[in-house]
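# Need a 3D model of the sequence below.
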Amino acid sequence: MKILMLSWRDPKHPLAGGAEQVMHEHAKGWIKGGHSVTLFSSRFKGSSKEEVIDGVEILRGGSQNFLGVQIAAFFYYLKNHSKYDFLVDMFHGYPFFTPLYSKKPKLAVIQETAREVWFLNPLFWPLNWIVGMIGFITEPLVFQLYKSTQFMTGSQSAKVDVTRMGISQENITVVPHGVILKKLKKKVEKEKKFTLVYLGILSKDKGIEDALKCFSLLRKNNFQFWVIGRPETPQYSETVKRVVEDLELNGKVKFWGYVSQTKKFELLAKAHLLINPSIREGWGLVNIEANAVGLPVVAYNSQGLVDSVKDGESGIIIQENTPEALAKNITDLRESKSKYQSLVEGSVNWSQKFSWKESGRMSLQLIEKIYKQN
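Purely as a prediction, here's the structure:
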């Protein structure tokens, strides 16, 4: 097959995260399976219109904001529809509305429904509330276009949420994500001071503000605090700075910014706990990455996180999603060396259950099945 994937971001986008990494791995697997893959995504500062990454042809057009990339993808498809046999329509808030203009076999891919995340967009008041309300109201309506489309998602909790949008369970396939590890050249020693790390895009919905509030509650308890990741927008970067100042954390938190994959795993291996206060995830790939280097996770009781964190084995799912509950669970865990060591060992064992070889096999089987049925 000649496959066209439509996504709001590609792996090189400055704000690309786990979702983009996951789909790139699936695309690589499909190419190994004998198919060709083209990915159409948005432009970003310094990007080229075309390039090839790991055999995947990347085409860029339109903006990721305000449906710009969806509109650009529509016009691209009108001109080039005869080139492709199969479409992959990726949801991120809004999808690409392919059922409206293509009858070709297709797969809808969704990591998580947006729901309350719509109201956490980085726009200014009252535009943020207006956009949030529009998104919250129209999201369930958009799914009605896809009632006869097959879906792929990465977790059981995401599957449940998609069924709540009116999609039949029979049309949703869960394909667990694998994990990509960078082998460290030498053994990494833990930091001497107990180190808590936040990893991910710095955005309100990912929970960076709650992470900082948690750090503030623990700042007098001889902890070390790291934040790895770049802000969602320059404007939100200023918000984070204000939160740091208000919480009297200036000089007490190390902001690493964006780091390479190798550096990321090195830092994770040095830390003692990953905290994940995200309010909604499709899966939570960072949790498995942390587990792979023996780093347990303390996470909110949120969609996706309850799938990627094995409560009591690879980390702890707290029952009350507050910075105070985070801080208490972290303090209790630090004081119980036996429980902490058990989680270190359990986290490694849990991470070894996820491989891209198996995930790639499952998604390849799925797209070939859909194509044959059409």
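# what ranges of the stretch 51-200 of the chain fall below the confidence cut-off?
Low-confidence segments of the stretch 51-200 of the chain (pLDDT under 70): none present.
# ranges for the strands of it?
56-60, 86-90, 106-109, 150-153, 172-174, 194-199 (DSSP state E, counting those that start in this stretch).
# Show me what the last one is packed up against.
Strand 194-199 makes packing contacts with helix 208-218, strand 223-228, helix 261-270, strand 273-276, helix 285-292 when contacts are defined by 3 or more CB pairs under 8 Å, 6 or more residues apart in numbering; DSSP states H and E. Yep, even glycine has a C-beta here, placed from its N, CA and C like the rest.
# Restrict the shortest one to CA atoms and write it as CSV.
Included here for strand 273-276 are C-alpha records, laid out as CSV according to Å, rounded to 0.1, in the frame of the first residue of the first chain:
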residue,chain,number,x,y,z
LEU,A,273,11.4,9.6,41.2
LEU,A,274,9.5,10.8,38.2
ILE,A,275,6.3,12.8,39.0
ASN,A,276,3.5,12.9,36.4
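# picking up where we left off before, just put the helices and strands packed on strand 194-199 in TSV and tack on mean neighbour count, distance to Gln341 and mean pLDDT.
As requested, the helices and strands packed on strand 194-199 are exported to TSV (neighbours: other CB atoms under 10 Å; distance: least, CB to CB, whole Å; pLDDT from 0 to 100):
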stretch	mean neighbour count	distance to Gln341	mean pLDDT
helix 208-218	22	21	97
strand 223-228	21	18	97
helix 261-270	18	16	94
strand 273-276	26	13	98
helix 285-292	27	14	94
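# Can you report how many residues neighbour the residue nearest to Leu87 when sequence neighbours are not counted?
Nearest non-adjacent residue to Leu87, counting by CB to CB, 6 or more residues apart in numbering: Lys106, 4.1 Å away. The tally of other residues near Lys106 (other CB atoms under 10 Å) stands at 24.
# And stretch 68-77, what's buried?
69-70, 72-74, 76-77 (16 or more other CB atoms under 10 Å).
# same thing with stretch 169-188?
Buried, per 16+ other CB under 10 Å, within stretch 169-188: 172-173, 175-180, 188.
# Throw those residues into a markdown table and include distance to Tyr84, thanks.
What follows is the buried residues of stretch 169-188, written out as a markdown table (distance: CB to CB, whole Å):
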| residue | distance to Tyr84 |
| --- | --- |
| Ile172 | 24 |
| Thr173 | 21 |
| Val175 | 22 |
| Pro176 | 28 |
| His177 | 25 |
| Gly178 | 26 |
| Val179 | 30 |
| Ile180 | 27 |
| Val188 | 45 |
